[in-house]
Every structure is written in C-alpha cells, then in structure tokens.
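Got a sequence here, can you build the structure:
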Amino acid sequence: MRQYSILAILVLTLNLASAQDKSYLVHGTVNGAIKDGKKIYSYYVNGQDVVMDSTTVVNGAYTLKGTVPGQVLLHLGGRRLGGDAKIFVSPSSKIEVIHNKTLKDVTASGSLSNTEYNKVRTALNVYYKQMEDFDVLNIAARKAKDTARVKSIRADSKKVYDSMIEEVYPNYIKRNTNSPIALAMLDEYLGGSVDAGKLEPLFLPLSKQIKSTPEGKRWAEILRRSNTTALGKKAPDFVQTDTASNPIKLSSFRGKYVLVDFWASWCGPCRAENPNVLRAYQKLKDKKFTVIGVSIDDNKSAWLKAIKQDRMPWTQVSDLKGKKNEAAILYGVDAIPQNWLLDPNGIVLGINLRGAHLTEQIEKLIETAKTK
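You can find the predicted model right below:
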C-alpha cells in the first residue's frame, strides 16, 4: 500500500511539473545571413508588459530559451540584420528557424501555428518586396535632392503598406476561422487599436473553439467595450483629476470638439505623436476644439515632467493607477497611443487619428460633421 502511494505521488508530481512547464526553445540557423558574434534580440508582449531577451550567433546558429504564459508572437531583431522576424512560441514548444538572406527572410517549423504563419508571411513578402523597391528609388531620389520625387515615392510606399495591412490579415482571418493564429493576426491587423467597425466582422465568425480560449474571451470583452465607443456612439463620461488635483469631467467639455488622447510618459510612440497633437491644438484651439490627455502613468513626477518636456498646454488628467486607469478600462484601451474625436455633443466622430496629417484629418471630420 505504501509503495502504491509513493508511486502515485511520483506520477502526480511528474504530471504537475509537466503541466506547469511553460518553457520554450528556439534553435535558429542563419545560413550565412548573419555573422558570428552578432546579437539577436527577442521580445514578446504579455498584456501591457514587454518581455525581452537576447542571444548571440555562434557557428552560424543561435538558441533562445524562455518561458511564456501561452502562445505568443516572438519578435526577433538586431542592428543591421535586414529587418525583424516573427515566430510563434508556446509552452513546451521546440521551434526550428531558418534565416536565409536576412534575419527577416525566415521559415519556422515545429508547430501548426508557425506552419500557418509561414502562409501569412508569404503573402506579406509580396508587399515587402514592393516596398523594398520603393526604398531603392527613395535613396536615389534623396541623392539627387529631388524632394518632390522623395515625397511621391514615400506616398506610393505607404499606399502599398496600407494595402498590405487591409488585405493580408483580414483575408487570412476570414478564410481560417478556426486557425490557432487567427486572434494573433487580428492583433497584428488592428495594432492594439479599438475599432468595433473593423473588429466585429472579423471576430464574430471565428469558431467557438477559438472564441472560448482565454485570448478569445479577452477579445470578446474588447469588442463589448469598443461597441460603447464606436463611431456614432455617445462617448462614455468619466472623471479624473488634473495636474493640480482638480476633478475634471469629460462632459464638462460639451460645446467643443474634443480629442480624448490616451498616452503615458513611458510610451515612446505616444511621445513621438505628441508634436502632431500639439500642431493640431495650436491651429484649431480657437475653433471650438480642444484636447484632453488621459495618462496611463502611475508616477506623478514622470507624468508632469513629460507634459513639460512635450510642451502640452491642454488639459491633462490621470488617476495615476497605471495600467488600471479607470477611463482606459472604460474605453477598452489595450494599447497606447489611442484617441477619440468627439463632437460638441460627445458623439464619436473619429478613432485613432494620428500622424503628420493629424490636423487635416481632424479638420475634415469636423467639416463633414458640420454639413450633416
């Protein structure tokens, strides 16, 4: 009886150890694409956390080991290695990766997810080749100091990029509703933005099996929240304190066009976008337009320092709860920067407006709203 108990305990212990094994192993072969001694950096996103690691190429190969909470898209990159690569890793997975001419030129095996992603990568590469051709033309135009040509080439390249995003990812998801990477491709397509108009027609047809996973349930909640902040909906009201600890209510801005801008001091893309927001504010502030910045910070000093550094004169609020910011949760903000443009009645006119042409985008939406 005692021997049976010990055996049972051993079996149970082994089973628990196996169940708790969240480690992965990646073995890469570079085929001369990357010189020995070069560093390869990796990272994956876990919620709003970024988990990073690195390795070194030795004898034309490298190894990456780590742990993951579930299936993740692992990003590989490095200095002057010819772009970045992406592969899927999961708990207990052993992935073989072959890089050909560059780090980006990759084929991965060892899981169904990577087999599926190889198909997506093949479709993406058609567009990447076009953009690489534009890069060559752009370099020649810059050397010739032909600014008009440079501008034209960049515009053409952006059109190709936009087409790639709008065609490759949605087409894959629509044709593969039970794919183990469908939700990851949804994330790649939306880029962390919250847009019910794009999310709903792609998420709802997915199989019950996919939607019942933890990640599927997360997306279902994102969709539920995004429907409350969709185009044409009245934006949810909230109250947070400004830099002087005064309570500020979103609805107190009624009568103005308002850009509700979610950002944080530690967010590089947010800080890079702030000059565009500043230009829009400076041009439109006397035309019944304003901005309210909602920070995802938890450190008041860092928040105030960033406001000063980026010279942002508009209203700034935060509850300093970091990733648990109540307004961000209310709006379903899963990544930043994100923003909503509201009309004087608080109705959503635009979502995630950004870039060098932010001012023009806002002006166009305001003019369209006025003619309705």
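
CA atoms for contacts and neighbours, from now on please.
Fine.

In the stretch 151-300 of the chain, where is pLDDT below threshold?
For the stretch 151-300 of the chain, the stretches with pLDDT under 70 are 192.

Alpha carbons of stretch 31-50, as PDB, please.
Presented in PDB, the C-alpha positions along stretch 31-50 are these (Å, rounded to 0.1, in the frame of the first residue of the first chain):
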ATOM      1  CA  ASN A  31      22.800  30.200 -43.400                       C
ATOM      2  CA  GLY A  32      25.400  32.900 -43.600                       C
ATOM      3  CA  ALA A  33      22.800  35.600 -43.400                       C
ATOM      4  CA  ILE A  34      24.200  36.900 -40.100                       C
ATOM      5  CA  LYS A  35      27.800  36.900 -39.000                       C
ATOM      6  CA  ASP A  36      29.000  35.100 -35.900                       C
ATOM      7  CA  GLY A  37      29.100  37.300 -32.800                       C
ATOM      8  CA  LYS A  38      26.000  39.300 -33.800                       C
ATOM      9  CA  LYS A  39      23.400  39.800 -31.200                       C
ATOM     10  CA  ILE A  40      19.800  38.900 -31.800                       C
ATOM     11  CA  TYR A  41      17.200  40.400 -29.500                       C
ATOM     12  CA  SER A  42      13.800  39.000 -28.800                       C
ATOM     13  CA  TYR A  43      10.700  40.200 -27.200                       C
ATOM     14  CA  TYR A  44       7.000  39.400 -26.800                       C
ATOM     15  CA  VAL A  45       4.100  41.300 -25.400                       C
ATOM     16  CA  ASN A  46       2.200  40.000 -22.400                       C
ATOM     17  CA  GLY A  47      -0.800  42.200 -21.800                       C
ATOM     18  CA  GLN A  48       0.900  45.600 -21.400                       C
ATOM     19  CA  ASP A  49       4.200  44.200 -20.400                       C
ATOM     20  CA  VAL A  50       7.100  43.600 -22.800                       C
END
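
can you list contacts of that stretch?
Identification of contacts with stretch 31-50 by CA atoms under 8 Å, 6 or more residues apart in numbering yields 51-60, 69, 72-79, 81, 98-103, 323, 334-335.

If you count neighbours, what's buried in stretch 181-188?
By 16 or more other CA atoms under 10 Å, the buried positions in stretch 181-188 come out as 181, 182, 183, 184, 185, 186.

Name the nearest residue to the second one, ignoring sequence neighbours.
Spatially, and ignoring its direct neighbours in sequence, residue 182 is nearest to residue 173 (5.5 Å; CA to CA, 6 or more residues apart in numbering).

surely residue 216 meets residue 210?
Yes. The pair residue 216 / residue 210 is scored as a contact, 6.0 Å apart, by CA atoms under 8 Å.

which residues are common contacts for the two?
Joint contacts of residue 216 and residue 210 (CA under 8 Å, 6+ apart) are residue 183.

Can you give me the neighbour number for the residue nearest to residue 182?
Using other CA atoms under 10 Å, residue 173 has 22 neighbouring residues.

how close does it get to residue 226?
20 Å (CA to CA, to the nearest Å).

Who are the packing partners of the helix or strand where residue 278 lies?
Here residue 278 sits within helix 268-284, counting by DSSP states H and E. Contacts defined by 3 or more CA pairs under 8 Å, 6 or more residues apart in numbering; DSSP states H and E place helix 268-284 against strand 289-295, helix 358-371.

which one of those lies closest to residue 160?
Residue 160 sits nearest to helix 358-371 of all the helices and strands packed on helix 268-284, at 20.3 Å, using CA to CA.

tell me the angle of that closest one relative to strand 289-295?
If you take axes from the mean of the first three to the mean of the last three CA atoms, to 10 degrees, helix 358-371 sits at 120 degrees to strand 289-295.

next one: helix 358-371 to chain centre, how far?
Here helix 358-371 is found 26 Å from its chain centre; the criterion is CA atoms, centre = their mean, to the nearest Å.

so residue 188 touches residue 169, yeah?
Yes. Shown here, residue 188 and residue 169 form a contact pair, counting by CA under 8 Å, at 7.5 Å.

where exactly do the helices run in the stretch 201-350 of the chain?
Applying DSSP state H, counting those that start in this stretch to the stretch 201-350 of the chain gives helices spanning 208-211, 214-228, 268-284, 300-309, 326-330.

can you list those helices in a markdown table and add distance to residue 125?
Output for the helices of the stretch 201-350 of the chain, formatted as a markdown table (distance: least, CA to CA, whole Å):
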| stretch | distance to residue 125 |
| --- | --- |
| helix 208-211 | 27 |
| helix 214-228 | 27 |
| helix 268-284 | 25 |
| helix 300-309 | 38 |
| helix 326-330 | 35 |
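
Let me have those helices in a markdown table, adding distance to residue 291 and mean neighbour count as columns.
Below are the helices of the stretch 201-350 of the chain laid out as a markdown table (distance: least, CA to CA, whole Å; neighbours: other CA atoms under 10 Å):
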| stretch | distance to residue 291 | mean neighbour count |
| --- | --- | --- |
| helix 208-211 | 36 | 16 |
| helix 214-228 | 21 | 17 |
| helix 268-284 | 7 | 16 |
| helix 300-309 | 13 | 14 |
| helix 326-330 | 15 | 18 |
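
With respect to residue 91, which of those lies nearest?
Nearest to residue 91 among the helices of the stretch 201-350 of the chain is helix 214-228 (14.9 Å), distances taken as CA to CA.

can you list contacts of the closest one?
Defining contact as CA under 8 Å, 6+ apart, one finds that helix 214-228 is touched by 183, 194-196, 199-200, 203, 210-211, 234-236, 330-332.

In those, find the pair that's most separated.
Using CA to CA, the two most remote members of the contacts of helix 214-228 are 210 and 234, lying 31.1 Å apart.
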